[in-house]
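Enquirer: Below is the sequence, then the predicted model.
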Amino acid sequence: MAKYSGDRSGITPATGVANWVLETVANVEAKVIEVSWGGEVITTTAMRTRIARDSAVGTGARTAGNVQKGNQHSPANTTFFSTTYATTQPTIVAGALFGTSWNAHGGVVRWLAAPGEEFQIFDAAAANASLECRQDVGVGTSTYNVIWEEM
């Protein structure tokens, strides 16, 4: 199993829009094993961020985010790590797989899956086949990361 890391560093998120989206190609399964985010502002800034499934994936050309291989010998990743879509953004479902309020004045949040508790996605053509990290409250400069395995 190959591991990959997606990163959005030093962005000013927009509320109601994905910070990043992770989706697979047909017949590829991915498991999210870690997500994290942290603030970079010098004053107290309330933020609320969540990881949730999408009921519809975005349409149009994807803007690829920065991806690193966990092992330099891993094959090229087949899971899309995107920052936006040209035509329509994904439709997020209510609630969250993980989410919390935090302070962008140096605040750091890390969720690490216990074995068997990973968030799984499979086949981008299916409903709920993508995950996203979304900002619900706050627009302080911050960084967002995700680590996943491809099966």
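Expert: Looks like it arrived, so ask away. This structure is a prediction, so every number in the text was calculated from the model and none was measured. Residues are numbered from 1 along each chain as shown.
Enquirer: end to end, how far does stretch 80-100 reach?
Expert: Terminal residues of stretch 80-100 lie 25 Å apart, using CA to CA, to the nearest Å.
Enquirer: residues of it that come out buried?
Expert: 80-85, 89-90, 92, 96, 99 (16 or more other CB atoms under 10 Å). In this view, the C-beta of every residue, glycine as well, is placed from N, C-alpha and C.
Enquirer: In CSV: those, plus secondary structure, distance to residue 12 and pLDDT.
Expert: Output for the buried residues of stretch 80-100, formatted as CSV (DSSP: H, G, I helix; E, B strand; the rest coil; distance: CB to CB, whole Å; pLDDT from 0 to 100):
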residue, secondary structure, distance to residue 12, pLDDT
80, strand, 23, 92
81, strand, 19, 96
82, strand, 18, 96
83, strand, 13, 96
84, strand, 14, 94
85, strand, 19, 93
89, coil, 17, 91
90, coil, 20, 92
92, strand, 20, 94
96, coil, 22, 97
99, strand, 20, 97
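Enquirer: just those now: which is nearest residue 68?
Expert: Distance to residue 68 across the buried residues of stretch 80-100 (CB to CB) is lowest for residue 81, with 10.2 Å.
Enquirer: which residues does the nearest residue to that closest one once chain neighbours are set aside contact?
Expert: Using CB to CB, 6 or more residues apart in numbering and skipping the chain neighbours, the partner closest in space to residue 81 is residue 6 (3.7 Å). Residue 6 makes contact with 20, 22, 65-67, 81, 145-148, according to CB atoms under 8 Å, 6 or more residues apart in numbering.
Enquirer: 10 Å - rerun?
Expert: Contacts here follow CB atoms under 10 Å, 6 or more residues apart in numbering; on that basis residue 6 touches 20-22, 32, 35, 64-68, 77, 79-83, 133, 144-148.
Enquirer: And residue 1, by the same measure?
Expert: 29-31, 70-71, 74, 149-151 are the contacts of residue 1 under CB under 10 Å, 6+ apart.
Enquirer: Give me the ChimeraX select line for these, limited to the buried ones.
Expert: Buried residues within the contacts of residue 1, by 16+ other CB under 10 Å, are selected in ChimeraX with:
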select :30,31,149,150
